[in-house]
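1. Give me the fold of what follows.
(one chain, ligands or ions: 2)
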Amino acid sequence: MLDNNCIFCKIIKGEIPSAKVYEDEKMLVFKDIQPKAKVHLLAIAKNHFPYLDGMDGEQTELIAYMLKKIPQIAKENGCENGYRLIINQGESAGQTVFHVHIHIMGGEILPW
Ligand code: AMP
Ligand code: ZN
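-> Numbers count the residues shown, from 1 in each chain. Ligands and ions are numbered 1, 2, ... in the order given. The predicted model follows:
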């Protein structure tokens, strides 16, 4: 299910442009519009759920599916020497888009 008011759902539907690097029937990976690393991608499921907290079984399986796909996608997009995955849960962690997304960051040596 997608949400008409969600910016990432609009990206999935093609209503907002994005720089896609990978897409299949379950997930989409695109470039972050304000990159905080040389390579900064966002992986999202084609299913709207706002938080890591409170996911159901199907949503948890989608996260697992994305985690299985990400190593290859990262390698093909400039992260062959390593990368960092981040999920911000909640506003105090800096979550600003309430459609769960996995940040993929790399392409350089990352300070902790
Ligand atoms: P978070 O702070 O974890 O919710 O991350 C949201 C991320 O989405 C930020 O890094 C934003 O730069 C990014 N973002 C917001 N709007 C867009 C967009 N239209 N296309 C690509 N990235 C976006
Ligand atoms: Zn959404």
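
2. Can you name the next helix or strand after the helix or strand harbouring L28?
-> For L28, the host element (DSSP states H and E) is strand 27-31. Next helix or strand after strand 27-31 toward the C-terminus (DSSP H and E): strand 39-45.

3. re earlier: could you give the angle of the strand holding L28 to strand 39-45?
-> Interaxial angle, strand 27-31 versus strand 39-45 (axes from the mean of the first three to the mean of the last three Cα atoms, to 10 degrees): 160 degrees.

4. Using CSV, write out every CA atom in strand 27-31.
-> Output in CSV follows, covering the C-alpha atoms of strand 27-31 (Å, rounded to 0.1, in the frame of the first residue of the first chain):
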residue,chain,number,x,y,z
MET,A,27,12.1,-2.1,-3.6
LEU,A,28,13.6,1.1,-5.0
VAL,A,29,17.1,2.6,-4.5
PHE,A,30,17.8,6.2,-5.5
LYS,A,31,20.3,9.0,-4.8
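
5. what comes up buried for that strand?
-> 27-30 (16 or more other Cβ atoms under 10 Å). Every residue, glycine included, has its C-beta placed from N, CA and C.

6. tell me which of those residues is nearest to ligand 2?
-> Taking Cβ to the ion as the measure, ligand 2 lies nearest L28 of those, at 10.8 Å.

7. check contacts around that closest one.
-> 11-12, 18, 20, 22, 43-44, 46 (Cβ atoms under 8 Å, 6 or more residues apart in numbering).

8. Stretch 1-19: end-to-end distance?
-> 22 Å (Cα to Cα, to the nearest Å).

9. for stretch 87-105, same thing?
-> Between the opening and closing residues of stretch 87-105 there is a gap of 11 Å (Cα to Cα).

10. now the helices for this protein?
-> For the chain, helices defined by DSSP state H occupy the ranges 7-13, 57-75.

11. just to revisit the earlier point, sheet partners, orientation included, of the strand holding L28?
-> Counting by DSSP bridges, the strands paired with strand 27-31 are strand 20-23 (antiparallel), strand 39-45 (antiparallel).

12. still on that earlier bit, tell me the most buried of the helices of the chain?
-> helix 7-13 (a mean of 18; mean count of other Cβ atoms under 10 Å).
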